[in-house]
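no sequence for this one, just the structure:
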């Protein structure tokens, strides 16, 4: 009887939390104004944000779930700045990411009991409380899987971005040495390639020219949005020496050299880790071969 009541209470609590998360509540005027200011600071209109939907019926349901979960996060004050920066690097939507997390968690709620049903058919388990714990466990695991994927992909893309920024600084320094001003040098260096990294920098500089802000301030905002410290440091250094062309060239050249040294150190460290892992694999292989050689002799000696 106690087990049945406990299972019912846990199930009811889960349904209540799911309904509270998906059903939108009445929002205050302050939270609405705060959301409009936040989207205006990002350069996104409130109407475009609300009327952007995916194609198809399932896409509409997914976008609706994402908006509701995003509103719930906003009401609770959960900013998740690191995750937002990772999604900005990957050029993914925050609402789509939250919808993926919730839908995977819902799939985990059904996957756990399904796994228990298979085990029960095979005669492995019979406890009635096991499906509840399996459902909660798999829901939590599935809910965290998108975070791990996004952080892994964002780390790889940031590494590429830092490599491109190092080359970009060299190009800006060469343009300054050729007699161009700092704004023209920044834009000309960004137009060399059409890769995603320089395209983001070029769009950032174009937006700064349209809005009337300085280009180094725009680079600093881009670094804050993407979570790249090198861009924020570059913005600070350019703001200090923007009027002196010689100091700008020296600062950019030294910063590019520092980034190259850091990249070389990371590459050497990664190579050292891989060589150590190969050494461990070779030692395990040798140990297995020795066991294969010694085992027949040991069996004869001990007459087993």
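That came through, no problem. Model, not experiment: these values are computed from the prediction. Residues are numbered from 1 along each chain as shown.

only C-alpha atoms from now on, for both contacts and neighbour counts.
Will do.

which residues touch residue 225?
When contacts are counted by Cα atoms under 8 Å, 6 or more residues apart in numbering, residue 225 touches 84-85, 88.

make a markdown table out of those and add distance to residue 77 and secondary structure.
A markdown table is the format used below for those (distance: Cα to Cα, whole Å; DSSP: H, G, I helix; E, B strand; the rest coil):
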| residue | distance to residue 77 | secondary structure |
| --- | --- | --- |
| 84 | 14 | helix |
| 85 | 17 | helix |
| 88 | 19 | helix |
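
and of the residues you listed, the nearest to residue 270?
Proximity of these to residue 270 (Cα to Cα) peaks at residue 85, which lies at 24.4 Å.

let me see the contact set for the closest one.
Neighbours of residue 85 in contact, by Cα under 8 Å, 6+ apart: 224-227.

now do the helices in the chain.
2-22, 29-41, 46-50, 57-76, 81-90, 94-121, 130-177, 182-190, 196-211, 215-226, 229-240, 245-301 (DSSP state H).

what's the longest one packed up against?
Spelled out, it's helix 245-301. With contacts defined as 3 or more Cα pairs under 8 Å, 6 or more residues apart in numbering; DSSP states H and E, helix 245-301 has these neighbours: helix 130-177.

try 10 Å this time
helix 130-177, helix 182-190, helix 229-240 (3 or more Cα pairs under 10 Å, 6 or more residues apart in numbering; DSSP states H and E).

who are the packing partners of the first one?
I take that to be helix 130-177. Partner elements for helix 130-177 (3+ Cα pairs under 10 Å, 6+ apart): helix 2-22, helix 81-90, helix 94-121, helix 182-190, helix 196-211, helix 215-226, helix 229-240, helix 245-301.

which one of those has the lowest average pLDDT?
Lowest mean pLDDT of the helices and strands packed on helix 130-177: helix 2-22, a mean of 67.

how's the protein carved up into domains?
2-150, 158-262 (automatic domain parsing).

how about JSON lines for those, with distance to residue 278 added?
Output for those, formatted as JSON lines (distance: least, Cα to Cα, whole Å):
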{"stretch": "domain 2-150", "distance to residue 278": "26"}
{"stretch": "domain 158-262", "distance to residue 278": "24"}
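
deepest in the core, which of those domains is it.
Of all these, domain 158-262 has the most neighbours on average by mean count of other Cα atoms under 10 Å, namely a mean of 17.

noted, bye for now.
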